[in-house]
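J.: Please work out how this folds:
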Amino acid sequence: MTENELAAFVVEAAFHIHRELGPGLLESAYEAILTHELTAQGLHVERQKLLPLTWRNLVVDEGYRADLVVETKLVIELKSVETLIPVHQKQLLTYLKVGNYKLGLLINFGAALLKDGLERVVNGLQD
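T.: As a prediction, this is how the structure comes out:
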């Protein structure tokens, strides 16, 4: 399955969760529920995946953790805030670069309408 196909599964699951639960829960609750929904669909999901940063001969394996990585291809950064700000996209882009991933989804469950809290971030580009 491609990154885009995985993203479609994730977005659909996120819409169902947001429609049923709405905004206002903790980010960790949305993370657990989304993980459950995706694994129930047969997808492999890693929570709080460590993303080590290598600089010269030094490996820094602290501080960089992706909320979810689906099928070792798609990084998902979850938020539960009123409004996304530019640093949220930069955070996800950093995870993509550090982990050498192509595509990430930034999902803000705190948005009144989930479509307003959903962004795709591509390593090297943003769209």
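J.: Low-confidence regions, this structure specifically.
T.: 125-127 (pLDDT under 70).
J.: which helix is the longest one in it?
T.: As assigned by DSSP state H, the longest helix anywhere in the chain is helix 3-21.
J.: Just the buried residues of it, please?
T.: For helix 3-21, burial by neighbour count (16 or more other Cβ atoms under 10 Å) applies to 3, 6, 7, 9, 10, 11, 13, 14, 17, 18. Any C-beta I mention is one placed from the backbone N, CA and C, and that applies to glycine too.
J.: Pretty sure the third one sits against residue 74.
T.: If I follow you right, that is residue 7. Yes - here residue 7 lies in contact with residue 74, judged by Cβ atoms under 8 Å, at a distance of 6.0 Å.
J.: joint contacts of these two?
T.: Contact criterion Cβ atoms under 8 Å, 6 or more residues apart in numbering; residues shared by residue 7 and residue 74: 103, 105.
J.: quick one: the helices in this structure?
T.: Under DSSP H, the chain gives helices at 3-21, 27-40, 86-99.
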